[in-house]
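A.B. asks: what follows is a protein structure lacking sequence information:
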């Protein structure tokens, strides 16, 4: 079997040289374990942080060891009660063709309940839950709010914007990095307005798109997007700090928002979160999201890359913003 | 009577030339009004923002008109039911020797319940309530938290740090701008540690004072203090954004915290607030603060400047950090 290992830690932007494709024997399941053949794996911006040797909310990848991350696969050998061969499971051992996992580390999913199995990595997985929790629990979205989502054509952003629309936002505005993405947001996902942040200063474009200000900002980007949002936020505005992809590859930390002082007079609330501490919301989320999917009210476009050996390139593509919707690798 | 008017709007640091001392007739109380002889008035950092012609949570001062702000005085003429001549009232018409106010814009206070009348501008007034609300409601302080307060020898900071101590903080750390203030924090107010931010980088001094990190940051300063606090905050840390005195007089907005991205992984919550929207907490606060005062558990040092004509200089002194505790002007 093949697996992808961390060959070296990047400084700044990672490259293909930081990854190594290795051959290794297919492992055997022990007592209480299953052997999984991976079908899809996820590549996510947060993985960039794990390439650094830095203390964070999740352990760094180790040089010479396989990477890991969300994946979906089929059980091909089971020594665990209650999980049969042929079951489809979501788990955390991506970046490899086969994985052995303890039964309590996998979640059996229903292939019939999703348009494609990869949806369990995106809309119906941690990606969708991140959007749901960030918008509803962290930013405390309320019907009638005007919502701005950055990185809105990305995996999380595209779901966050659609949930805001479905839950009764007054206006949903998204930013993205290409004309094609902007078109996708408005025409396919039902955003009220969208702009290409490369066209003009975010501040000016956001003001034009939201002349009455915004109530909620879902931040996937940081940097100038966050500064612009602080300027446009209305009194008692709320910010879900979900990510800061603009900064992940910078060797020198970029300048922070110069207008954070506005948070005092506007009584803003900025709150960071990691979805892993909100798993208890998965049932609520799946109930709502499944209904939206069934009724065709939510769209889950994916960018699919073929083959494990192309996973590093898929991941680098996410960092460069080459995906529309969730980027997944089909093994 | 004398009153202080805004002569011109400052650019950067204000000076005495931005103020004008004017003579004007003592006004007469109309129906439902009282005439007040002011005894003490408050000078506060937030007034700097009102000198600019900028939209904010409170209207700007007008050039040629008297300034206003918290004051305490004695009723010398009453045409309002239920307020007798001789009553002592807290109100919002400072910067003048006499003021006329509608009855519903004044609050009768009990002179016997305070060590000095000026306490109703400080510990027992909006200053104390700001500290209480910021620490307990905004930063959601919990017993056992380690708390860092910037501007800790100032009016709000000195109360916030003491409330944290009295409510069972594990450790209370304060920053201030002189050796005398640092000594005051530790020896008089019972802070566990304090440092002079001018001695060395805040980041290094905070790390040394809080080797296990902090759980709550009460921010009166912004700038490098906020950046240092973001670095030291523990998982699920909370920040009350109360003020940013470091920035009020800057003509160019200073750099923001370069490490705000830490808020994601640490799941931090940063929340700005204005005490005016939390007046419902005044009874709870006064009940607790009065008991602390009576038992000698809380200290309310004041810096008192004599004479209305010296109010501009007192205000400029606050911006320069010349006060220890609340700065008030005795008329």
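C.D. replies: Yep, that arrived. Source: prediction; values computed, not measured. Residues are numbered from 1 along each chain as shown, chains lettered A, B, ... in the order given.

A.B. asks: for whichever residue of the stretch 151-300 of chain A sits closest to chain B, what are phi and psi?
C.D. replies: Taking Cβ to the nearest Cβ as the measure, the stretch 151-300 of chain A has residue A:256 as its residue closest to chain B, at 3.0 Å. For every residue, glycine as well, the C-beta is placed using N, CA and C. Phi and psi for residue A:256, reported as degrees, to the nearest 10, are phi -80, psi 180.

A.B. asks: if you skip the residues just before and after it, what's nearest to it?
C.D. replies: The shortest distance from residue A:256 to any non-neighbouring residue, by Cβ to Cβ, 6 or more residues apart in numbering or on different chains, is to residue B:256 (3.0 Å).

A.B. asks: what residues are up against the one you found?
C.D. replies: A:227, A:255-260 (Cβ atoms under 8 Å, 6 or more residues apart in numbering or on different chains).

A.B. asks: quick check, pLDDT for the residue in the stretch 51-200 of chain A positioned nearest to chain B.
C.D. replies: Across the stretch 51-200 of chain A, no residue is closer to chain B than residue A:57, which sits at 4.2 Å (Cβ to the nearest Cβ). We have a pLDDT of 79 for residue A:57.

A.B. asks: quick check: residues of the stretch 1-150 of chain A near chain B?
C.D. replies: Remark: the part of the stretch 1-150 of chain A in contact with chain B comprises A:49, A:56-58, using Cβ under 8 Å from any Cβ of the partner chain.

A.B. asks: identify the farthest-apart pair in these.
C.D. replies: Using Cβ to Cβ, these span at most 8.8 Å, a distance reached by A:49 and A:57.

A.B. asks: residue contacts, the residue nearest to residue A:310 when sequence neighbours are not counted?
C.D. replies: Leaving aside its chain neighbours, residue A:310 sits nearest to residue A:329 (6.7 Å; criterion: Cβ to Cβ, 6+ apart). Listed by Cβ under 8 Å, 6+ apart, the contact set of residue A:329 reads A:40-43, A:304-308, A:310-311, A:314.

A.B. asks: again, only this time at 6 Å
C.D. replies: Neighbouring residues of residue A:329 by Cβ atoms under 6 Å, 6 or more residues apart in numbering or on different chains: A:41, A:305, A:311, A:314.

A.B. asks: dump the contacts of residue B:256 to CSV, plus pLDDT.
C.D. replies: Formatted as CSV, those follow (pLDDT from 0 to 100):
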residue, pLDDT
A:227, 95
A:255, 78
A:256, 87
A:257, 91
A:258, 90
A:259, 92
A:260, 94
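
A.B. asks: are any of those residues buried, and which?
C.D. replies: Among the contacts of residue B:256, the ones that count as buried by 16 or more other Cβ atoms under 10 Å in any protein chain shown are A:227, A:256-260.

A.B. asks: about what we covered before: so for residue A:49 and residue A:57, which residue has more residues nearby?
C.D. replies: residue A:49 (19 against 15; other Cβ atoms under 10 Å in any protein chain shown).

A.B. asks: show me which positions of stretch A:225-243 end up buried.
C.D. replies: By neighbour count with 16+ other Cβ under 10 Å, stretch A:225-243 contains the buried residues A:225-234, A:237-243.

A.B. asks: from the residues you listed, which ones fall inside strands?
C.D. replies: A:233-234, A:237-241 (DSSP state E).

A.B. asks: taking the residues you listed together, which two end up most distant?
C.D. replies: Taking Cβ to Cβ, no two of those sit farther apart than A:234 and A:241, at 18.0 Å.

A.B. asks: endpoint to endpoint, stretch A:303-313 covers what distance?
C.D. replies: Counting by Cα to Cα, to the nearest Å, you get 13 Å between the two ends of stretch A:303-313.

A.B. asks: what's next to that stretch, contact-wise?
C.D. replies: A:2, A:4, A:16, A:19, A:21, A:314, A:323-324, A:327-331.

A.B. asks: and stretch A:120-127, by the same measure?
C.D. replies: The contact list for stretch A:120-127, computed with Cβ under 6 Å, 6+ apart, reads A:40, A:42, A:70, A:72, A:90, A:109, A:114, A:155-156, A:275, A:300, A:326, A:328.

A.B. asks: likewise stretch A:204-221?
C.D. replies: A:134, A:139, A:141, A:145-151, A:157, A:160, A:173, A:193, A:195, A:226, A:228-229, A:232-234, A:237-243, A:245-246.

A.B. asks: swap in stretch A:140-158?
C.D. replies: With Cβ under 6 Å, 6+ apart, stretch A:140-158 has contacts from A:122, A:127, A:130-131, A:135, A:160-161, A:164, A:168-176, A:181, A:184-185, A:189, A:210, A:214-221, A:225, A:229, A:238, A:324-326.

A.B. asks: for that stretch, measure first residue to last.
C.D. replies: End-to-end span of stretch A:140-158 (Cα to Cα): 18 Å.
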